[in-house]
Every structure is written in C-alpha cells, then in structure tokens.
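Engineer: next comes the sequence, and after it the predicted model I'd like to discuss.
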Amino acid sequence: MNLQLRASNITKSYHGDRVLKNTSYSFNKSGVYVLTGPNGSGKSTFLRICALLEEPDSGEISFLSDGKLLMNDIAMRRRITLLLPKIGVFNTSVFKNVAYGLKIRGHKSDGIKEKVDKALDFVGLSHKKYQKAITLSSGETQRLGIARALVIDPEILFLDEPTASIDQKNTKIIEDIIIRIKREERVVVVTTHDMAQAERLADFMVIMKEGKINEP
Amino acid sequence: MNSMTEGFLKAFSLIYNLDQELLGIILLSLKVSGAALIISSIIGVPAGAVIGLKKFPGRGFIITLLNTFMGLPPVVVGLFVYLLLSRSGPLGFMGLLYTPSAMVAAQIILALPIVASLCHSAIVAVDPIIGQASITLGATPYQKAVAIIKEARYGILSSVIAGFGRVMAEVGAILIVGGNIAGYTRVMTTTIALETDKGNFELALALGVILLIISLIINIALHLIQRKGMAGTIR
C-alpha cells in the first residue's frame, strides 16, 4: 500500500448552500471504501474534491506515500483517477478511448496495445475494440469507463455512482468487476445510495449525512 | 426561352471541351479563394479555439464582433481594402491594388470571422464532461484543450468549409479591389457579372453551372461531416 489520501476539514458550498461541513476522512488501507448516504448528502462532491477535480472552499486534501507528504503536481495526479457517472466518451473507437490515458503519459504503441487489450479483456469488451465508442450501450459505456481508468493502473480509483444509470444485469457485471479489482493492491472509493450494493462491495463503509461523515 | 436553352447548350460545350479561357478563370478563382481560406484557417481556427477554451476580459465583446463580421457586406469590405491599398492609402506603397493579392486580402476579411466564429461555436458545443474526463485521466491543461479540440473536429471542419463557400460565391469585394482584369484578376463570379452585362450568356452560364457544382460539393461535404459528427451523444 503506497498512496494514502487524507481529507481534512473539507467544506464546500454551492450558491450559499453548504454541501460539505468540515468533513474529514483518511483512505489509508487498500480495499473498497463505499461512500453511501441519501441523495444530496455530499457523496459526489466529497469524491470530486478527493479526486482533485474540484477545489474545496476550505480544508485540505493531502496525499502521502511511505509517510511522506506529496506535492500536488501532475505526477501525483496521475496516480489517481475518477470515473464520473457520465463518463465522457471520446468520439472515437473503444480502443482509442482506453488508450487515451497511456498516450498522454507518453507510452509507446506496443505497450499501449498490450495494456489496452488486457483492460478490455478485464471488462469483457475485447470484441468491441474497434467499434465507435459512442455506439456502446449504457452498461458497456460504464465498463469502457472502468477499462479506461484501470489501464493507467491508478493507486486510488474513485467510482462515482458507477451503476446509477444501468440495468440490473449490467449492475451485476460492474459489481463483479469491482470485486475483482478489490483483489488488487489499491484503494477503490465507490459512491452509491443503494445500501444493499454498499454491503455487497464494501471493505470499509463510509456513511455520509448532511455533508458530514458518520463512521458506523 | 430559346436563347436560354441555346446558352445552356453552348455553356455545356465550353465545359465539355475544357475551354482554355474558362479553365484559366476557374483556376484563378480556386487559387484566390484557396489562398484566402488557408490563411483564414491558419488564423481563424486557433483564434476560435482560444476564444472557445479560455476565459479572458473582453471575450464576450470579441464574440459579438466576430458574429457581426460574419455578415459583413462584401462591397463594404471591398471599399475598405480599396482605401487601404489605393495609392494614397496607408498600404498604397505595396502596389497591391488590382492584383490577385488584393483579392485574397479582401476574401480573408470575409472568411476569417466565419471560420473563427463557427470554430468557437464548435468548441463551446463540446460537452464539458469531455474536459473533466481528460483531467481525471491525467491530462495537463494543454492535453485537455487538445482533447476538446479533437471532439470539435467535425464542427471545425464545417467552419472551414463554410468559409470556403462564402469566398467562392463572393463578387462585390473582389470586383472593387481586383478590377476584373482579363487573364489576371478575372474570376468566376466577376466574369459572370461582366458577361451578363455584355449579354454574353454562354460563358456566364458555363461558369454559373460550375459554381453551382462547387457549391453542391461544398454542401454535400458539410452535410456528411455534420452527420458524422452527430452520429452519437456523449455518454
């Protein structure tokens, strides 16, 4: 376990509405953390701030490796990734979508091909490799998002409501994928408002209510 | 009616026999409009991209200005370029008036706002989630901008084609600054205007048919690009 995340006293407001109220939490062990709670409890906002996609109004997000505090630079940012609920498919092939994270890191084509093939195989999309990504179904699109995130081998993987917009069959497929990711040495943080799903996936349950975290 | 039919027949004969005068005029038209389009695209696409991607003071004013300039009357542009390039004008020393270069300059002024404005629109139409997705995957701000521009590629290409359509069909500005000199600055649209005045409809009709074909090709290309670009929605 290398990378650890510490969120300290995070506050965030939108148009005067306080969404997060001095929220603190540490993700310091590998496994699946499930952030759960009712709609509007601040789960997604907390996740987006932890994943450095948004700035908090106050408080601090710190990343530590072997006890040392890391600089919040691009090298550090590239050790984590967030899968958004609407993943943002690039209007190109499935292969190129998954290859994106590797390309921007300057990987060579041979290495890219091998890693993309492995990631697509992991999520069961190998047969759609050359298909235009925007033609995938909702469930397949979520799996594409997971492949795109996994291919860059993040030490912390954030999944924001990964099954919110898909049917039961695809929800089961995504849950199985998350359970398989769980066997690897990494931190996975998932948000969901589905308590049953939270119980199926969680190594660590994190309950949010009215912008605060209540550990059970 | 007979003279019109006769005109069409002669026009097709000119096209079929690849009449040298006709070819020269078409070639010059394509050269002038092509050069104007290349320069407009080199300036307009990056300018549209910057306006679409960056927020800076005066951005709204520039967008309004570009949108206004999209509808610039060609004769006004012609007059403006004429005054700039005429012997007593600030750029008169360059001796460009009544040359193809002056025509290119006038067409750049007409095409540039179209290319830049439509390019800007194509970029702002990209779903913001694309930028966010690229950031979450580890993109630098520059790489994020490239990802957005790539998503807007069909719209950007449409903006360039729309600019070409504008300059190919234009007559007022180039007539003023080019002078319609046979074999030197005479292009398709100015020839059509001149030959119609003279009652010589064969050449005018032949050029009209070719202009229509070019316009058709431009519109088919636009349609295909737009259809390809709208082949799906962002997920």
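Structural biologist: Cool, the structure landed.
Engineer: nearest spatial neighbour of A:R148, skipping sequence neighbours?
Structural biologist: Nearest residue to A:R148 in three dimensions, chain neighbours excluded: A:V98, at 5.0 Å (Cβ to Cβ, 6 or more residues apart in numbering or on different chains). (Glycine included, C-beta is placed from N, CA and C.)
Engineer: what about that neighbour, neighbour count?
Structural biologist: 30 (other Cβ atoms under 10 Å in any protein chain shown).
Engineer: and the spatially most central residue of chain A, what pLDDT?
Structural biologist: Residue closest to the average C-alpha location in chain A (Cα atoms, centre = their mean): A:F158, at 1.9 Å. With respect to pLDDT, A:F158 scores 97.
Engineer: which ones are touching it?
Structural biologist: By Cβ atoms under 8 Å, 6 or more residues apart in numbering or on different chains, the residues touching A:F158 are A:L47, A:C50, A:A51, A:I80, A:T81, A:L82, A:L83, A:V189, A:V190.
Engineer: grab the nearest non-local neighbour of it.
Structural biologist: Setting aside the residues directly before and after it, A:F158 is nearest to A:L82 in space (Cβ to Cβ, 6+ apart), at 4.1 Å.
Engineer: one step back: generate a ChimeraX selection restricted to the buried subset of the contacts of A:F158.
Structural biologist: Restricted to buried positions by 16 or more other Cβ atoms under 10 Å in any protein chain shown, the ChimeraX selection for the contacts of A:F158 reads:
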select /A:47,50,51,80,81,82,83,189,190
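Engineer: from the contacts of A:F158, pick the one nearest chain B.
Structural biologist: Looking at the contacts of A:F158 and their distance to chain B, the nearest is A:L82, at 4.3 Å (Cβ to the nearest Cβ).
Engineer: show me what contacts that closest one?
Structural biologist: Counted by Cβ under 8 Å, 6+ apart, A:L82 has contacts A:L47, A:R48, A:A51, A:L53, A:A149, A:F158, A:L159, A:D160, B:T136.
Engineer: now, the most widely separated pair of the residues you listed?
Structural biologist: Using Cβ to Cβ, the two most remote members of the contacts of A:L82 are A:R48 and A:A149, lying 14.7 Å apart.
Engineer: where's B:L66, which helix or strand?
Structural biologist: Using DSSP states H and E, B:L66 maps to helix B:59-69.
Engineer: which of the contacts of A:L82 fall within strands?
Structural biologist: A:F158, A:L159, A:D160 (DSSP state E).
Engineer: what mean pLDDT does the helix holding B:L66 have?
Structural biologist: On average, helix B:59-69 scores 95.
Engineer: which residues does it contact?
Structural biologist: B:I51, B:L112, B:P113, B:A116, B:S117, B:H120.
Engineer: also stretch B:113-120?
Structural biologist: Against stretch B:113-120 from outside (Cβ under 8 Å, 6+ apart): B:40-41, B:43-45, B:47-49, B:51-52, B:63, B:66-70, B:72, B:152, B:155-156, B:158-160, B:162-163, B:166.
Engineer: same check, this time on stretch B:163-173
Structural biologist: Residues from elsewhere that reach stretch B:163-173 (Cβ under 8 Å, 6+ apart): B:29, B:32-33, B:36-37, B:40-41, B:44, B:73-75, B:77-78, B:81, B:103, B:106-107, B:109-112, B:114-115, B:118, B:188-190, B:192-193, B:211, B:214-215, B:218-219, B:222.
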